[in-house]
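Asker: have a look at this prediction, sequence included:
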Amino acid sequence: MDEPIHIRTRMVCLTRKGVASQAENACEALKGVKGIVDIQPLNNYKLALTYSLKDLSFELIESLLKELGFYLDNSLFAIIRRNIYQYLEDNVREKIHAEEVDHNLVCHLHEELPHDEPEKYWNNYR
């Protein structure tokens, strides 16, 4: 098990549009990703995520959720929370000398899980 300085527990908020059980679907999609210690739905649109900073960052997890077709909450408070998470994690990752490498996250998306396919034209603007 990693030292406590490397473990983070965060709340991920999804938008209220789409499927009512988004959090459960997101948990299913992220189970088995290297670095995720625990993931549980809090309600239909929020999930509790525990992960290791040695392997993941909150920004990387959010990117993966977006790629899988989940919509993140973009309210003012959610954006501020994300920026604070990123600032704090960047400092800790620098302290523990976590390498910024191009992570290829592998997760197995079950066909029965409802999700939106990312639009291929938007990939040109990222």
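Answerer: That came in fine, so what should we check first?
Asker: residues touching the residue most central in space within the chain, list them.
Answerer: A centroid search over the chain (CA atoms, centre = their mean) returns Ile61, at 2.7 Å, as the residue closest to the centre. Applying CB atoms under 8 Å, 6 or more residues apart in numbering to Ile61 gives the contacts 12, 30, 49, 51. From N, CA and C alone the C-beta is placed, and that goes for glycine too.
Asker: among those residues, which one sits closest to Asn74?
Answerer: When the contacts of Ile61 are ranked by distance to Asn74 (CB to CB), Val12 comes first, at 12.7 Å.
Asker: what's the biggest helix in the chain, counting residues?
Answerer: helix 76-95 (DSSP state H).
Asker: who touches it?
Answerer: The contact list for helix 76-95 (CB under 8 Å, 6+ apart) reads 5-6, 8, 10, 13, 53, 57-59, 62, 72, 100.
Asker: picking up where we left off before, for the residue nearest to the centre of the chain, which three-state class applies?
Answerer: The three-state assignment at Ile61 reads helix, by DSSP: H, G, I helix; E, B strand; the rest coil.
Asker: same check, this time on Arg10
Answerer: State at Arg10, reduced to three classes by three-state DSSP: strand.
Asker: mind listing the helices for this protein?
Answerer: 22-30, 58-67, 76-95.
Asker: out of those helices, which gets nearest to Tyr45?
Answerer: That would be helix 22-30 among the helices of the chain, by CB to CB, at 5.9 Å.
Asker: give me the distance from the closest one to the chain's centre.
Answerer: Relative to its parent chain, helix 22-30 has a centroid offset of 10 Å by CA atoms, centre = their mean, to the nearest Å.
Asker: per-residue confidence averaged over that helix?
Answerer: Mean per-residue pLDDT for helix 22-30: 91.
Asker: burial count for Thr76?
Answerer: Just so we're on the same page, residue 76 is Leu rather than Thr. 7 (other CB atoms under 10 Å).
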